[in-house]
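K.L.:
okay, sequence plus prediction incoming.
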Amino acid sequence: MEEPALNILVADDHALVRAGLIGALAQLDPEPHVFEAATAAEVMDCLAAVAELDLILLDLFMPGAVELDLLRQVCSSAGSVPVVVLSASESAAHVRAALELGAAGYVPKSSSSELLISALKLVLAGGVYMPAALMQAAPPAEMMTTRLPQAGELSTLLTGRQQEVLRLLGRGWSNKQIARALAVSDNTVKVHVAGVLRLLGASNRTEAVMLAQQRGFEFDGE
């Protein structure tokens, strides 16, 4: 049986950028159902009108929105629908802020279409994408003020919920599986995963599990 086409919201105030994104999406789905938005108001109208979105591609700064308020509103309203930020900003501070607000990924607009599609596939599979090269290249003022946790420290630095999420990541569970097991929303799981990645300095879930193991985190504990 053929899989249904993806329902994707593409939100950017530049028509040429939207057209380029829609063209690139053919590598993800030959015939996606694409909804377009050019302002913050149009984004929220689309969220209210379309019941079954599969993916939201959102420019970080849209007309009609103040700073990161639109991203905050979209992540709150989208429920389990993954939100991927597309931005001209290559600030590590913006990457971290987007992930903390619940975005499932952050892709700079300077990225290739191949990288974009790889990131979207990861997100649709339940992962979280953040540009490792960008985080590593961040200037000192934007880097974390604390060192990365070493062996034996993780259990004191991670919250109890983050530890639960990390243990389930170690089992290879998806966000949906973790959400069901912990009786929380998918969006809440995304926020916890982003927090774990940030604390560990990891660029993806697999790397987070590997780094946690190297630093003495007990995955078989409760």
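P.N.:
Cool, the structure landed. Residues are numbered from 1 along each chain as shown.
K.L.:
contacts for stretch 72-88 next, please.
P.N.:
If you take Cβ atoms under 8 Å, 6 or more residues apart in numbering as the criterion, stretch 72-88 is touched by 12, 21, 43-44, 47, 53-61, 71, 94, 98, 101-110, 116, 119-120, 123-124, 129, 175-176, 179, 185-187, 190. To be clear about C-beta, it is placed using only N, CA and C from the backbone, and glycine gets the same treatment.
K.L.:
hang on, I meant stretch 119-129
P.N.:
So stretch 119-129 is contacted by 28, 54-55, 82, 84, 99, 104-107, 111, 174-176, 190, 193-194, 197, 204-205 (Cβ under 8 Å, 6+ apart).
K.L.:
how does this protein divide into domains?
P.N.:
Under automatic domain parsing, the residue ranges defining each domain of the chain are 7-139, 144-214.
K.L.:
okay, and which of the contacts of stretch 119-129 map to strands?
P.N.:
Counting by DSSP state E, the contacts of stretch 119-129 place 55, 84, 105-107 in strands.
K.L.:
looking at the residues you listed, which is nearest residue 217?
P.N.:
Residue 217 has its nearest neighbour among the ones in strands among the contacts of stretch 119-129 in residue 105, at 24.4 Å by Cβ to Cβ.
K.L.:
list the contacts for the closest one?
P.N.:
82, 84-85, 119-120, 122-123, 128-130.
K.L.:
take those and lay them out in JSON lines including distance to residue 159, neighbour count and pLDDT.
P.N.:
JSON lines is the format used below for the contacts of residue 105 (distance: Cβ to Cβ, whole Å; neighbours: other Cβ atoms under 10 Å; pLDDT from 0 to 100):
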{"residue": "82", "distance to residue 159": "23", "neighbour count": "28", "pLDDT": "88"}
{"residue": "84", "distance to residue 159": "25", "neighbour count": "23", "pLDDT": "95"}
{"residue": "85", "distance to residue 159": "24", "neighbour count": "29", "pLDDT": "95"}
{"residue": "119", "distance to residue 159": "27", "neighbour count": "22", "pLDDT": "89"}
{"residue": "120", "distance to residue 159": "29", "neighbour count": "25", "pLDDT": "91"}
{"residue": "122", "distance to residue 159": "24", "neighbour count": "18", "pLDDT": "84"}
{"residue": "123", "distance to residue 159": "24", "neighbour count": "21", "pLDDT": "85"}
{"residue": "128", "distance to residue 159": "17", "neighbour count": "27", "pLDDT": "79"}
{"residue": "129", "distance to residue 159": "23", "neighbour count": "25", "pLDDT": "83"}
{"residue": "130", "distance to residue 159": "20", "neighbour count": "24", "pLDDT": "78"}
